[in-house]
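sequence? don't have it. structure:
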Ligand code: NA
Ligand code: NA
């Protein structure tokens, strides 16, 4: 049952990733693309956690956490670039 | 002296808990190591958090968290349903301005964060003097009601907690 | 285990951070430490050279047995390369210090030491992935030295240098991927062992790896068709750096010698004849490119750079035979051409500093015209392979060794015609720089710069500035006079290089602790 | 799975090569970044592919593991290429600032025989 | 025969998947960039929340261990999501919306992307 | 055969000039006489030693001496002295002495005399080396040395363009010949199996029978012909006359140009005696003789006249050697001596005339007989000898030549050679008479550029002595006979018929030819004026112009080729690189097969398919979006993310962690740099080019993909089972990847952090160079303020960071500590901490953050590299190799036991270096921003609505 639920969730987040990709490719604004990337990051975190459940291991946890961290930092950096040009000032 | 060694007691406790969360195992050794890091890291980062606010009224804090969490759950369901099923033409999105009484940067941040996480609202930016928040509503029929709701439901407890 | 083997790597690796990070505000201290390092390196290199007489000596890093850990291998070939590097380095370093080049930008000495570390490490390693790592060290240090003191042209040429080498490094990794995927090992001796077991009909992937590696090393060695980067890089690099770079191209040549002899060399069915087919034609075109470039050069630094290309072509032609005799010739020529190129760049530096630019256009004679003319003449003789300096012997050795009737005519024609064009080109340049300048008087130059002693172009070169060049020439002379003993030693190195079983036994033998 | 990895490497390589053949340094940097991805995956795949067999030794002796060595090599390669990229970016920036131009090609050789200052 | 704990875990997993899907769906469905911002920052956050709860429950109920490092990721996301949204919104606004099209700030200073902050006493 | 005796005196003779050459250059301050003396001393010494050896040689002995030099090559410093060598060595040293004397008076006070004598001695040594070498490789060395030293001597008067050009031309032509000769000599050595001249001379039959005979012959003759100025390589010689006259007399009449003749004579036993030899050598000589003489007749420059006459006489010698008969060889030897005497005297005479009248133009001379009687006598006797007038030595050898010519059949014709030889002799008579008539005879003129009179004794002594020899030999040929015979004996290898040198041979064809030539030559001279006008009007190829044009064209073509190919077009270089790699890779692959696949393919779950689409779509988008640079960077983020997740899926968690954090930092760096660069790229390449690049790219990509696919289908046994087996026991960690990194292959990692450290140094240095160089002004004037957001340090970000950064520090510490056993380690930890600091920098700005820390990132890198290095070196303390790890378990009260080892310190080094390098990069980039005039914040956030911020300000 859990496996079935996991498969369903994989499908959901997988389709979600494709939707993000669509937004990323279509645009129209930089903000949309940054948002699409950020959403992808979140979907990926979910997928990593789900994969950990599927495999019954905690080994992918760090990856999920690190993705969360760098996802945030890079989103901010992208936005700062559009907003200010210089991301560190 | 103590404030020098333990500049942010609350942060130290949080970090110790974070450590335990990271190693995901509560053992005396990990507790000790977590406590050491909980003391050392704030010492390193203290210069970057020059004036930590003191939190008053822990009960209010707890109540605020519970309210916010339940709002988040409910709001998320609502928004999810709207996104999934509501035709785009029916969305009545608009900007609203929420004037602030809060002056603590931490409080303002928590408020803005809460606004973003809860029903159909998203805090887009502050005014240059941080005296008001620009909020985007995904769908609202009653902008004034939204403003009043935010001020009453979130800003007031935050004022109690931080100021 | 002989701990001295790692010393030439560790010494600069420990010294460089101290120079770069502790002494970064004190040029005198940095110079002292750097010269100390270079001298110590030379002493170690001499020591290793003396020790390298017997079987290859293996240093098991981390005390892990081969092929599982990384090993260093000290044999005659690596000893000679390390010695060559350290002699050249000391000469170049003294020149850079005497001429003040080292203080025209930041971190010269730290980068210089790291550069030495990378080069020496590449010569000593017995592991092909580690070879990649040390290639990267020497490359990145060379990027820093190349753009030392900045400036428009140097930056742009430096950019190209970085880009082409990054592409090369990528290719190196592709090749290593294929190699590991097909052999499952990284140790050079172990690779040699496993290559022997691959039958030709299953060798497609290994052959690709061998070919890709050839291109990677060829890129470093400025072999056609991947030589394009060299002229602009060397011409725009600070002259002492260009002189040091004389050894950089040799790293590529060394790698071909090592890998394509020990691993893919004669007697390996899987890659039989693969490299030879392509190396000689490429070398011949390289010679032509170098010679044509020398003849057509408008400026001194590119001219020298092209002469380096030509000399690499000759070296590669010798290597391409993959016979012990030709390899000895190649090694002799390698040593010679390293110093020849270096000394030309050093002389060029003295001259260009006085002339104020590296154009070959006629302008009034500088101070010490006769001295510079003599130095240039000697250096040019060396580079062109004219007697009495070692270039002629090197050329004879190479020609003599390339006796395969099928290819002899082409190789000889290329080398001899290349020499001719180089001679003509160098003679033109020398005549423009030192002879024609005598017939031009400088009437307006004096008026422009009243304070002549402030002007670097008016300042005669002191003994310390000229001494490194003279020493380099003396090395070339010694190489000529002692050609017999030198070749004798190199014969030994070649013999070891071609003794695959001996190498494999030394490295994979029972010495490592289990 | 293998075809997925191989085709990804192919696509990244092709894109990387196409970009390094452009005329501006920025495209070249992007191209080299893509090539670096490609080669990392390529090198990684030289240890063959394995699902859920990370080379972290478990307490139970019979567990299978994927080949750890290529992973270590890729890590080294990643770090090195990071350093290289950083230098490349700086040199590109330096070249741009010095010459007001971020073309990767040099200006055509001077016809005037003017020389470079030392 | 599924146990209660399995059903519970499966429920959270399915919820997580649904919220995640809706959040991403918002990205392609909604017409305006500002509207699209609502989807990911809310729905996805809850989506991840459910997944993380499922993970904790799984550890607790199936593997009989206590796992709470999922809370760290939750903490992380709850802290960062508003900031991200804030930045993306500003990124959109500065490129696409004129100051006059927004409601006033009800203060002598305008919105922060358009107006310099008050001078600080330090300056 | 001859007896050989070992005598090391020979080596001293050969080396004396070189040793002596060091002296004059230094001695010049001691004065001109001292200089000349110190030049004469080694020459005289060598000559004396030679004379000491002469009797032995004359008695048929061969003196040899050998020092081993480069046995691997077959090159040894071996010398031998036989008759031929004795003759030439004597000439070289004897004339050398005379020239030394002559030059002392000839050169003016302004000329650097020390330099001159040094070059002269170098040349003398080289020349002596040629004639004494018993090893053809050694001979080649000296051969090339003569080219070099003559280059210096011809170009001695640097201020004269003729001198410079003449020197370069001589070097180019003789250098080319020399290189050809190298080839020829090496072939000879190859055929014979030895480079020893004695061996080669004995192996004539073997050589002539070899398939490689023709190439060797042609190559060697190219060397000889260029050196001896044979047609069509004759043209360099007259231009070499720009040299000071002593040089011309020495090199271009007496010695160097004879080197070619010497070589032909030397190689005679090995190479001569075939039809090829005859037709090539004799014909070339004949043609050269006639053409040289013809041109000489119409030259108005005294030295040019003599130069072309020399060409003609060299042709004569060549022709004689080409005949291939012993008698002809003997005639050649005799004429070598005779030509030396009269031609050197003539050059010196010309030099005296030039010296005195300040002109060498025959048209401006005449009538000097009365003004310079001594010179007149010397010149006239020498010229008459050159014309072949009886009782002078020139007559004797000319008769021998004509005699030989009369008997020589050429391509079936009995007349070709005799007729041509007679014409040559005739022309020779004409220009010789012209030298006498138009310079010395006729009326005294009043328009000489300088008033001439006989020079001091020092100047005319040398030519006078030579003319004495001319007359002596002419009258008493038997005096020269022993030397001639010994030398000829050496040339022919002992194959000599009985013969005597004498004045009267009876009425032979040679006498008739000679008589006719003398008469006709005289008549020709009488008709010189009208003929000269015809000659002047006649179109004829000007060799120098052709040569100059040739060289100029060569230079121009070379320049075009090398500038067109090395024009800095990086994109083309890279295209060539990629195409070559792909093509060669394909060719390497094509010629061999592959074993059958041995692996089962892994399945492709749908989610992997999604990731694949993500990756491909993002990759393609980067290609199409790359001109919008920022967007390309955003899309690249997708690629990095997908690959990281792929690594997780494919059992490489460490890789995933590293990849994602490196990629983030890289994007930060790119964003920082992009700030100063154009935000978009223009379209610069046309469709065709893009198509071409696309094809190249697809080929390369396809190739790489195919490679990866084909090895993934097959298994290989790898060494890594050892790492899995020994990681825990031997390395003390369960994360095998990390144990490999810090232990098994810690040396790689050590190198890797050094790369990072160097990167930090370079970036710092580049920024320093930029900020202190000319570009600094551009930066200072850059305007970045256009439509930027007004909030620089938003309050919310600052507050979030205050919590996030400590948490991120914890994460970093966690990842660092567990790396040895679980995914993580020093590198990722360093990046995580960097990212945490980066967050702080983005929130509150660089300046504010930097004010609050006292850390120099320089020292971080330094410490990192040092800590790692010292950890490695610590192994020496317990006598283990570099980087040997030690670990153990520690048990503390209250805490479960934990492992600690050297790997920890090594990883700490990695951590520090990474952190330092990344932060130094960011720091450096931000320096540009502050330099470019961006405001520096003193507050953590734009505006703090509470009082706290200001309160803190007051405290400070
Ligand atoms: Na590594
Ligand atoms: Na690690």
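Yep, that arrived. What you are looking at is a predicted structure, and each value in this text was computed from that prediction instead of being measured. Numbering: from 1, shown residues only, chains lettered A, B, ... in the order given. Ligands and ions are numbered 1, 2, ... in the order given.

close to chain C, is stretch F:235-255?
No: Stretch F:235-255 lies out of reach of chain C by CB under 8 Å from any CB of the partner chain, never closer than 12.1 Å. Using the backbone N, CA and C atoms, a C-beta is placed for each residue, glycine as well.

buried set for that stretch?
Of the residues in stretch F:235-255, F:235-255 count as buried by neighbour count, 16 or more other CB atoms under 10 Å in any protein chain shown.

please narrow those to those residing in helices.
Where the buried residues of stretch F:235-255 overlap with helices, as defined by DSSP state H, the overlap consists of F:236-240, F:245-249.

tell me the two of those that are most distant?
Farthest pair in those (CB to CB) is F:236 and F:246. Separation: 18.9 Å.

which helix runs longest in chain E?
From DSSP H, the single longest helix across chain E is helix E:69-96.

tell me the mean pLDDT for it?
Across helix E:69-96, the average pLDDT comes to 90.

so does it get close to chain A?
Yes: part of helix E:69-96 sits near chain A under the criterion CB under 8 Å from any CB, namely E:69-70, E:72-73, E:76-77, E:80, E:83-84, E:87-92, E:94-96.

what's the nearest residue to residue F:715 if we skip its chain neighbours?
In this structure, residue F:715 finds its nearest non-sequential neighbour in residue F:598, 4.7 Å apart by CB to CB, 6 or more residues apart in numbering or on different chains.

any idea which element the one you found lies in?
When secondary structure is defined by DSSP states H and E, residue F:598 falls outside every helix and strand.

mind checking how far the most centrally placed residue in chain B is from residue B:136?
Residue closest to the average C-alpha location in chain B (CA atoms, centre = their mean): residue B:110, at 2.9 Å. Between residue B:110 and residue B:136 the computed distance is 19 Å (CB to CB, to the nearest Å).

got any ranges where chain D has weak pLDDT?
By pLDDT under 70, the weakly predicted segments of chain D are D:60-62, D:108-118.

residue numbers of it in contact with ligand 1?
By the rule CB under 5 Å from the ion, the part of chain D lying against ligand 1 is residue D:76.

most proximal residue of chain D with respect to chain A?
Taking CB to the nearest CB as the measure, chain D has residue D:52 as its residue closest to chain A, at 5.4 Å.

so that residue sits right up against residue A:55, yeah?
Yes: using CB atoms under 8 Å, residue D:52 and residue A:55 qualify as a contacting pair, with a distance of 5.4 Å.

domains in chain B, as residue ranges please.
Taking automatic domain parsing as the reference, chain B has its domains at B:2-48, B:58-162.

out of those domains, flag the one nearest chain C.
When these are ranked by proximity to chain C, the top entry is domain B:2-48, at 21.5 Å, counting by CB to the nearest CB.

point out where chain B drops to low pLDDT.
Counting by pLDDT under 70, the ranges of chain B that qualify are B:1-5, B:119.

at 80 what do you get?
Where chain B drops to pLDDT under 80, the residues are B:1-8, B:50-56, B:119, B:163.

so where's the longest helix in it?
Of all segments of type helix in chain B, defined using DSSP H, the longest is helix B:58-85.
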